[in-house]
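In: Provide a 3D model corresponding to the input given below.
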Amino acid sequence: MKYSISLILAAMAIVLAIGCDNDKAEGESTFISGEIMNPAKKYVLLDTPDDERDTIRLEGNQFMQKYDKLSPGYYRLITGNRSTGFYLEQGDSIYLKFDETDEEADIVISGRGAERNRYLQQRAADEMAVSKVMRALYKKDEDVFLKAMDSLEGARLESLDKVGSTAAGERFYELEKARIKFDIGLKTLRYPEYHRYLAQDTAYQPSKEFMESFNDITVNDTAWLAIPEFERYAMELLQKNAMEEYQGMSKQEQDATDLVALEFEEVDEVADKKAVREFLMYHILQKQLKYYGPGEVVDSLIDKFRERCQRGKYISRIGEMRENWRRIEPGNKAPGFRYPDMEGEEHALEDFRGKYVYIDVWASWCGPCRRQIPHLEELINDYSGKNIVFMSVSVDENKQAWEDMVQEKDMKGYQLYAGGWEAKIARKFMINSIPRFILIDPAGKIVDSNAPRPSSDEIRQLFKEKGI
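Out: A predicted model of the protein is given here:
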């Protein structure tokens, strides 16, 4: 006999309503399910602690995902307009209910594992409030800042203790204590650079007391690899150490050095456990390939990584990312796309064969994108009548926001709407940050899939080299 998902969910809701956090058996399946009022899409995305992304289809406005074996840790559910983080362990069954169109309304969580996730909701709300005062705190003197961080850490530990290890589970309780420590550590790690800039105190140097505040924070522990704040803290620590080493070099040494290579070397300085080293090396390469792409230095680091890493999942993911970039290297045929303009007329990349095409992938909410608009307009004016077409492709989710910006700025060139980050152009060209500029030649082949920005001198030099 077949049962619809709605009937299954209704039955589950009754079970969840009477379930409790600790009432679960070893090896029991884990469920994540829920109801979304006014869903923007026909599916939801679930990011897992293993860096996987599962797609869960909606039936009407309901969804359900079952895991017979689950990695305990922090997950994130992503819908069209909202996202929420939560924690899952084997045997949990949590049920989420929210309105997609009301971003201010709480996401209601019930079922086994709900109590600790309600704590996480409050923790996220508290962090939102803290983020609004951090700029002012970074302007304060060091002693004031450190006292504020001590108070914040104490308040967060007190909030966690109110839930308690019995109700929350011992593993979650210990992870949250570490998560609080890494979050405070990250805020503190950023203080010197932010203070110099915001307080205009360029002579500031951290005191001995300030440096000692990091003594009880270690990145050399495999237990913390599941904590998002651990990754952020460790990565910024590597960047900070690499930058300090770089700044201590002569100009000649700097010219021969790549910062990402220094970050890679710093891994051995901060960690001696193999699993931690593999984790850090993987995330350095993942970030580089995700946002900046490969190059001679990165390719050499990938080779070193393959020699030192024994975790097959890390190696295959980095290999896959590198292969995706290889498909859009110079000389390869550009992936095609077709999008509508303001009047609804569709334009395909191949429609412009015989001309160079300079593509700006942007969004109305993106500050750096907006700052490039005047420079792009200069290019359009200066190269009017030349063998080149200028095309701006928006990845705005909100079509009206795109239309309003195009009209407000009186933007020139072909203005096309791709409709969000999941658009083909973003996926095929490995676009994970914007603005992103791409140059295609008259034969439809890629000149540069990560071309210089309009504000740079390099773009005009590239145009000159191509005879534009």
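
In: And Lys41, what's its pLDDT?
Out: On the pLDDT scale, Lys41 is placed at 86.

In: Pull the contacting residues for the closest residue in space to it that isn't next to it in sequence.
Out: Excluding its sequence neighbours, the residue lying closest to Lys41 (C-beta to C-beta, 6 or more residues apart in numbering) is Gly80, at 4.5 Å. Just so you know, the C-beta spots here come from the backbone N, C-alpha and C atoms, and that holds for glycine as well. By C-beta atoms under 8 Å, 6 or more residues apart in numbering, the contact list for Gly80 reads Pro39, Ala40, Lys41, Glu100, Glu397.

In: Considering those residues, which possesses the most neighbours?
Out: When neighbours are counted by other C-beta atoms under 10 Å, Pro39 leads the contacts of Gly80 with 20 neighbours.

In: Can you report how many residues lie near the residue nearest to Ser213 when sequence neighbours are not counted?
Out: In space, and not counting its chain neighbours, Ser213 is closest to Thr188: 5.8 Å by C-beta to C-beta, 6+ apart. Here the number of neighbours of Thr188 (other C-beta under 10 Å) works out to 19.

In: Could you do Glu158 as well?
Out: 9.

In: So it belongs to a helix, correct?
Out: Yes - Glu158 forms part of a helix when assessed by DSSP: H, G, I helix; E, B strand; the rest coil.

In: Report the helix or strand with the lowest average pLDDT across this structure.
Out: Least confident helix or strand of the chain, by mean pLDDT, DSSP states H and E, is helix 5-18 with a mean of 43.

In: what's downstream of it, the next helix or strand?
Out: Using DSSP states H and E, the helix or strand that follows helix 5-18 in sequence is strand 30-37.

In: mind showing which ranges of the chain have poor pLDDT?
Out: Residue ranges of the chain with pLDDT under 70: 1-27.

In: Next, the distance between the ends of stretch 350-359.
Out: When the termini of stretch 350-359 are compared using C-alpha to C-alpha, to the nearest Å, they are 13 Å apart.

In: Out of the contacts of Gly80, which comes closest to Ile328?
Out: Checking the contacts of Gly80 against Ile328 by C-beta to C-beta gives Glu397 as the nearest, at 24.1 Å.

In: so the closest one, which of the three states?
Out: coil.

In: Double-check it against Gly419; I have them as touching.
Out: Yes - using C-beta atoms under 8 Å, Glu397 is in contact with Gly419, at 7.4 Å.

In: Next, the contact list for the residue lying closest to Ser93 once chain neighbours are set aside, please.
Out: Computed as C-beta to C-beta, 6+ apart, the closest residue to Ser93 that is not its neighbour in sequence is Phe31, at 4.2 Å. Phe31 makes contact with Met12, Met64, Gln65, Lys66, Tyr67, Asp92, Ser93, Ile94, Gly111, according to C-beta under 8 Å, 6+ apart.

In: Strands - which of those land there?
Out: Those of the contacts of Phe31 mapping onto strands are Met64, Gln65, Lys66, Tyr67, Ser93, Ile94, Gly111, per DSSP state E.

In: list the contacts for Leu439?
Out: Contacts of Leu439 by C-beta under 8 Å, 6+ apart are Tyr356, Val357, Tyr358, Ile359, Ile446, Val447, Asp448, Ala451, Leu462, Lys466.

In: Return the set of residues that bridge with the residue nearest to Ser93.
Out: According to DSSP bridges, the partner residues bridging Phe31 are Lys66, Ser93.

In: how much space is there between it and Ile328?
Out: As judged by C-beta to C-beta, to the nearest Å, Phe31 and Ile328 stand 39 Å apart.

In: Tyr74 belongs to a strand, doesn't it?
Out: Yes - counting by three-state DSSP, Tyr74 is located in a strand.

In: Correct me if wrong: it contacts Pro49.
Out: Yes - with contact defined as C-beta under 8 Å, Tyr74 counts as touching Pro49 (6.0 Å).

In: which neighbours do these two share?
Out: Both Tyr74 and Pro49 are contacted by Ala226, under the criterion C-beta under 8 Å, 6+ apart.

In: Strands along the stretch 251-400 of the chain, start to end?
Out: Assigned by DSSP state E, counting those that start in this stretch, the strands in the stretch 251-400 of the chain fall at 338-340, 346-348, 356-362, 388-394.

In: Show me what the first one packs onto, helices and strands only.
Out: Put plainly, it is strand 338-340. Where contact means 3 or more C-beta pairs under 8 Å, 6 or more residues apart in numbering; DSSP states H and E, strand 338-340 is packed against strand 346-348, strand 414-417.

In: nearest to Tyr87, of those strands?
Out: Using C-beta to C-beta, these put strand 414-417 closest to Tyr87, at 37.4 Å.

In: C-terminal to the closest one, what's the next element?
Out: helix 424-428.

In: what's next to that next one, contact-wise?
Out: Ile328, Pro335, Phe337, Tyr339, Ile359, Val361, Val393, Val395, Ala418, Ile431, Asn432.

In: ok, now stretch 139-151?
Out: If you take C-beta under 8 Å, 6+ apart as the criterion, stretch 139-151 is touched by 137-138, 184, 187-188, 191, 195, 198-199, 204, 206-207, 209-210, 213.

In: From Asp441, how far off is Gly467?
Out: For Gly467 relative to Asp441 (C-beta to C-beta), the value is 11 Å.

In: go on, Glu408?
Out: Glu408 is 33 Å from Asp441, by C-beta to C-beta.

In: Same question for Tyr282.
Out: On the measure of C-beta to C-beta, Tyr282 and Asp441 end up 35 Å apart.

In: residues of stretch 243-259 that come out buried?
Out: Glu245, Asp258 (16 or more other C-beta atoms under 10 Å).

In: Can I get it as CSV, trimmed to CA atoms?
Out: Only the C-alpha atoms of stretch 243-259 are listed here, as CSV (Å, rounded to 0.1, in the frame of the first residue of the first chain):
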residue,chain,number,x,y,z
MET,A,243,50.3,38.0,6.3
GLU,A,244,52.6,38.8,9.2
GLU,A,245,55.4,36.6,7.6
TYR,A,246,54.7,38.2,4.2
GLN,A,247,54.9,41.8,5.6
GLY,A,248,58.3,40.9,7.2
MET,A,249,59.8,40.1,3.8
SER,A,250,61.8,42.3,1.5
LYS,A,251,60.1,43.6,-1.6
GLN,A,252,62.1,41.1,-3.7
GLU,A,253,60.9,38.2,-1.5
GLN,A,254,57.3,39.4,-1.6
ASP,A,255,57.3,39.5,-5.4
ALA,A,256,58.4,35.8,-5.4
THR,A,257,55.9,34.7,-2.7
ASP,A,258,52.2,33.8,-2.9
LEU,A,259,50.1,34.3,0.2
